[in-house]
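Novice: Sequence and predicted structure are below.
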Amino acid sequence: MMNLYGAEHHLMVVSDSIDAEEHRHSFVQVTFSLTDEFDIELEGLSLRCPGIIINSNAVHRLKEAGHPLMLLLIDSTSEMAASFKRVLEGQQFHMFPHEVMRSIRALVQEQYAGIKDPDSYHSFLGQLMRLLGVEQVKPTIVDPRIRELIQLLKDCTGSEHSVSQFAWQLGLSNSRLSHLFKENTGISLSGYMVLHKLQKAVYLIFAGLSITDAAMAAGFDSPSHLAATSKQLLGMTAKDIRKDSVFLKVSSLH
């Protein structure tokens, strides 16, 4: 069983059957166990911990824990990601101590079952962030053209998501736009665009579209392209994500 919560800048996943293959993605990922410790392989290290922040593009693999895990997959250009990156201080990961996790588990036990709508979700998330010791900070995206690009992606309604399309809209060459994006965010534009399409496809699937229709509407070449991308970035196919899952949209995403 998997519960997913879709917010504007992140996905929250709660599941007791996560066993993803080795992968990397542009998300900042926060993972913690709701009962015990879990095993994770991260950049060649075998770690066992109760909770961890994983930086963007770090190669990792979560092993099936046999008990519930909670994951936050956070858009790397968001304020929320900037907050966690402040804790990371440029490192690939940061492990939370057991005393912090005990407080988190008490919060989950008390309030998680009551998450039924956006208001209750954001109340829970705010308390979770405070217990994790994460302060909200603004991302350091200084170039207004890159801020505009990110807003264009968030507002898009079509299936066309090429770098050249957005470069033309912003009056830049493809290479210049890609360079500015990497300079401002620390991640590649092409990788971010793929992530945007994947996020859009997941929302459309849970909105009732078939995997085929969602893949095409989000700009993938085919359903198999969506499946391969999802497996590569998340360690699970779109079919795996939908199977036995409950989804709650907790903020608007176009």
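Specialist: Now that the structure is in, tell me what you want to look at.

Novice: Can you get me a residue count around Gly133?
Specialist: Neighbour count of Gly133, defined by other Cβ atoms under 10 Å: 10. For the C-beta atoms, the positions are set from N, CA and C on the backbone; glycine is no exception.

Novice: Name the nearest residue to Met193, sequence neighbours excluded.
Specialist: Spatial nearest neighbour of Met193, excluding adjacent residues (Cβ to Cβ, 6 or more residues apart in numbering): His161 at 5.5 Å.

Novice: residues in contact with the one you found?
Specialist: Counting by Cβ atoms under 8 Å, 6 or more residues apart in numbering, His161 makes contact with 153, 193, 196-197, 219.

Novice: Just put the residues you listed in a markdown table and tack on neighbour count and distance to Arg48.
Specialist: What follows is the contacts of His161, written out as a markdown table (neighbours: other Cβ atoms under 10 Å; distance: Cβ to Cβ, whole Å):
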| residue | neighbour count | distance to Arg48 |
| --- | --- | --- |
| Leu153 | 19 | 37 |
| Met193 | 19 | 35 |
| His196 | 19 | 33 |
| Lys197 | 21 | 34 |
| Gly219 | 21 | 39 |
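
Novice: Okay, and which of the residues you listed map to helices?
Specialist: Residues of the contacts of His161 located in helices (DSSP state H): 153, 193, 196-197.

Novice: can you pull out the strands in the stretch 1-150 of the chain?
Specialist: With DSSP state E, counting those that start in this stretch as the criterion, the stretch 1-150 of the chain has strands at 2-6, 10-15, 28-33, 38-42, 45-49, 51-54, 60-62, 69-74, 93-95.

Novice: okay, these in a markdown table with distance to Ser83, mean neighbour count and mean pLDDT next?
Specialist: Formatted as a markdown table, these follow (distance: least, Cβ to Cβ, whole Å; neighbours: other Cβ atoms under 10 Å; pLDDT from 0 to 100):
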| stretch | distance to Ser83 | mean neighbour count | mean pLDDT |
| --- | --- | --- | --- |
| strand 2-6 | 18 | 19 | 85 |
| strand 10-15 | 11 | 21 | 88 |
| strand 28-33 | 9 | 24 | 94 |
| strand 38-42 | 21 | 18 | 94 |
| strand 45-49 | 20 | 13 | 96 |
| strand 51-54 | 10 | 23 | 97 |
| strand 60-62 | 20 | 20 | 90 |
| strand 69-74 | 9 | 23 | 92 |
| strand 93-95 | 12 | 17 | 97 |
